[in-house]
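1. Structure of the sequence below:
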Amino acid sequence: MNVDFEHTMAKFWKCALQVNPASYIKYRGENQNVSEDDYNQKLLEVCLEESIKVVGIADHGNVDSIEKIKETFNSQGVIVFPGFEIASSEKIHLVCLYPEDTSLQTLNNYLYEFDIDTSNGTNPSTKSADFILSTVIGKGGFVYAAHCTDDSGVLKQKLNNIWKNPNLYAAQIPTSLDALKEQGDQANYQIILNKNPDYKRDKKIAIINAKDIEDPETLRRENATCLVKMSKPCFSSFKLAFSDSESRVRLNSDIKEKYYSRIESVRFVGGFLNGIHINYSEHLNALIGGRGTGKSTLIESIRYVLNIEPISNETKAQHLKVIKQNLSSGFAELTVKSAVKHGKLYKISRRYGESPIVKDESGSVSTFSPKDLLPDIEIFGQNEIHEIAKESSEQLKVVERFLNTDKIEKESGISKVKELLVTTRNNIFDLTSNVSSLESDVEDLKAHEEDENRYKELGIDQKLKLLPIVESERSTFKIVLNKMDALKEALKELSESIPCGDFITEELIKEFPDKKIFENSKLALFELKNNINLSIDKMEIDSENSQKKIDLLDKELQESIEKQEDSISKEFKKLAPVEGLTGKQIGEQYRDLIKNIERLKPKRAELLIQQGKLKKEIVTRKDLLAELSEKKTNRATAFEQGVKRLNRKLKGNIKVNYSAERNRLGLIKLIVSYRLPDVAEGRLSWMKGVEEFSAPLLAETIKKGPAALLEKNWGMTSTTADRLSKISNKQIMEIEEFKIDDLVSIELNVSSSEEPLYKKLDSLSTGQQCTALLHMLLLDNQDPLLLDQPEDNLDNAFIAERIVTQVRDAKLTRQFIFATHNANIPVFGDAEWIGVLESTNENATLPIQNQGSIDQPNIQNLAAKILEGGEDAFNRRKEKYGF
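-> You can find the predicted model right below:
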């Protein structure tokens, strides 16, 4: 990181707060076998190796070694808080630490004031713990209760009056809080959680790990240090951190590796934001500034670089206008860490009017898009949350993000079943049409066969025995020709479908350890393909030879049939006239009849085949519909469980209601598309409210007719029932396989008491609607959330009481970047990075001194002046945290 940016954000620094000098070992009855300088050097080496940035010196009643330690450590950037450990008159141990520039003489004066015998610093003071606490705090120092659960500890001694002293900011425990509980120390566990009424404090005490360091190697232990969040390691920021310890003090064991994406930095070249360079915190970032200083421009520029479009056409137009006016010929560049790409860093840059360019850590242009790197990032400009509140489909998208919708839909298998149902619907439609046509042909065949009987009665069939045989020859050879064409087409398809080993290229396998195996595999594939091609070549030759033979045989047959027909025509003349028809006319009529019979005879067998296929397809469809019903039940169960988990995360602030297949507008629109007379959307509105209803049930009832529809008492008119009963079988199948959408509703708890009072989103004010949605947007997501002035549509009380509380919890596992003019978010949210934008008519500026956290006086002053309610927020923070 550029040194200029080292202290522009608050972060956790590792602190060892009970370090002892080389001489401390004598209290253990042992002799030190290294010199003081060597001991100090070894202490420093371990601190540097373990990234320990702050050490507190806590020898028992003695400060003589502090100056040498400070001299050694400060030269390497390790901050030393001078101090000592003493026992009060109640014989409880307290560690007292002071600002880094406190002189040795001042420290000795403090020891004298506490009546400590520096020649035997382990002896108790004559002063009470209350006196020591108030005196240290009054002199600008800091006190914590050493080893509070062990001997000489405030909890071990059961001194609840000292524990409740507001000047006692922290207590040291030997392990994690959970481990304390697991070890059976339930009493102290409850006290530390501030749940024991006898030990109840106005403000919960901070818990730290520290360990009496008599050997530098002890510093490597997890419980020898703790983590304190500061912009710059210094005593004033250190003390301030304990005013808000819930946000700023952690044990090493509290910090679990969290894998989430973040925007590491943004920089601008050219345009209104020219020269601005920000290194963001991975937690909460608040961009503040007066109106017109570029807060919205910066958020919209990040959106533009990431190629994320706003929700509505109106906001899209405004977004592009802002970019055109302020980015102009310049460009913006983001450095992002992508969780889905295993924490790899990428640079994404974009000029106005061009597409984003993504580069990897080596500087090479990547094929990834910004969406590939940050697939779930959310960016909302001014009033965009309000737009979501007005649009139910956008609300559903917000909810679905937390329900793993894509995963549930994929695992449900419904889409696959629906594809099969569409196939069966089309097959049944085609087969039904085929069967209908074949049934008509078979009816014609029966009529022709009845006519044939009339000719038989006249004995004509005996006189023209050759005629049906010749026609049978003709129709049979047509089948031969069709089969020949089918065989040639199959041979062509086979030839075109033969795969090969071209995919195994030298470039692909050049680094394979088993390269030879793949080379041999490629040879084997080519050998097989060549052999197949040889066989195909032979088959194609055979095919041509066979075609020539068939052509000759066809010619021979046609010549023979012509001779036979000449002979038959001569027989026509021998027939006796009937009912005014000559023998020739009777013969020609009989020949036409026989031709039709021979043409239609195969239809009878084909009808049986098609009827069998239709019956089988109908059975398959019934099975698929049963499977669809089961899968829809499983899917609904998965969503219901997801909603329950979501509601638990929302902790009573919001309630999400889920109703499977209750949003029937899509089904209504489907039926309206059939254009049935007098059946518009209004005629079908009864569907929206009926309880016992499903698409398959509607389809089944339609098949039964108007009376069955009316018996359901769904609320439709008799006219509508009559019209529905007339829709086609294909449309009925469309209805029975239709997937009705789910219905999701959001309710906000508007109660100010412990008893919840939920109201639906559409009955709330704009501010309450936006508050409800923001609660959800702040939930789990591995990609960042960027909001531009969310307070514009939020109730200020909700921001202070609910939103900020949620942000403080969520920021540990997700990055937030807010542009805001409301003091509650950066102040009570304890933003790790605050940037104070300034501007002239020409451009915005964000100098280094305008970036930091609220533990820096210059940031406090700027924030108090600029933010709405800034001074009030700081005053209330003082009341709450002692800030």
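
2. So which residues make contact with stretch 529-536?
-> Applying Cβ atoms under 8 Å, 6 or more residues apart in numbering, the set of residues contacting stretch 529-536 from outside is 491, 494-495, 498-501. In short, each C-beta sits where N, CA and C put it, glycine included.

3. Closest to Gly83 out of those residues?
-> Using Cβ to Cβ, Gly501 is the member of these that sits closest to Gly83, with 75.2 Å.

4. From Ile509, how far off is Tyr658?
-> When Cβ to Cβ, to the nearest Å is the yardstick, Tyr658 and Ile509 sit 51 Å from each other.

5. Include distance to Leu180 when you put the contacts of stretch 529-536 into CSV, please.
-> Output for the contacts of stretch 529-536, formatted as CSV (distance: Cβ to Cβ, whole Å):
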residue, distance to Leu180
Leu491, 80
Leu494, 75
Ser495, 77
Ile498, 71
Pro499, 65
Cys500, 68
Gly501, 65
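
6. could the residues you listed be laid out in a markdown table, adding neighbour count?
-> Conversion of the contacts of stretch 529-536 to a markdown table gives the following (neighbours: other Cβ atoms under 10 Å):
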| residue | neighbour count |
| --- | --- |
| Leu491 | 15 |
| Leu494 | 13 |
| Ser495 | 14 |
| Ile498 | 11 |
| Pro499 | 9 |
| Cys500 | 14 |
| Gly501 | 17 |
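
7. now for the residues you listed, which pair is the farthest apart?
-> Greatest spatial distance among the contacts of stretch 529-536 (Cβ to Cβ): Leu491 and Gly501, at 23.0 Å.

8. what packs against the host helix or strand of Ile735?
-> In this structure, Ile735 is located in helix 729-736 according to DSSP states H and E. Contacting helix 729-736 under the criterion 3 or more Cβ pairs under 8 Å, 6 or more residues apart in numbering; DSSP states H and E are the following elements: helix 414-457, helix 665-672, helix 695-704.

9. Of those, which is nearest Ala576?
-> Here helix 414-457 is closest among the helices and strands packed on helix 729-736 (Cβ to Cβ), at 12.9 Å.

10. packing partners for the closest one?
-> helix 583-650, helix 729-736.

11. Take those helices and lay them out in TSV including mean pLDDT and distance to Ser261.
-> Listed next are the helices and strands packed on helix 414-457 as TSV, based on pLDDT from 0 to 100; distance: least, Cβ to Cβ, whole Å:
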stretch	mean pLDDT	distance to Ser261
helix 583-650	90	20
helix 729-736	95	43
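
12. and Glu333, which of those is closest to it?
-> Relative to Glu333, the nearest member of the helices and strands packed on helix 414-457 by Cβ to Cβ is helix 583-650, separated by 35.1 Å.

13. just to revisit the earlier point, give the residue from Tyr658 and Ile509 that has the larger number of neighbours.
-> Just comparing Tyr658 and Ile509: by other Cβ atoms under 10 Å the higher neighbour count belongs to Tyr658, 20 against 16.

14. quick one: the closest residue to that one other than its chain neighbours from Ser763, how far?
-> Taking Cβ to Cβ, 6 or more residues apart in numbering as the measure, Tyr658 lies nearest to Val643, with 4.3 Å between them; neighbours along the chain are not counted. Using Cβ to Cβ, Val643 is found at 20 Å from Ser763.

15. which one is the residue nearest the centre of the chain nearest to, not counting chain neighbours?
-> Nearest to the centroid of the C-alpha atoms of the chain, with distances taken as Cα atoms, centre = their mean, sits Asp376, at 5.2 Å. For Asp376, the nearest residue in space outside its immediate sequence neighbours is Asp783; the separation is 4.2 Å by Cβ to Cβ, 6+ apart.

16. Cool, thanks, signing off.
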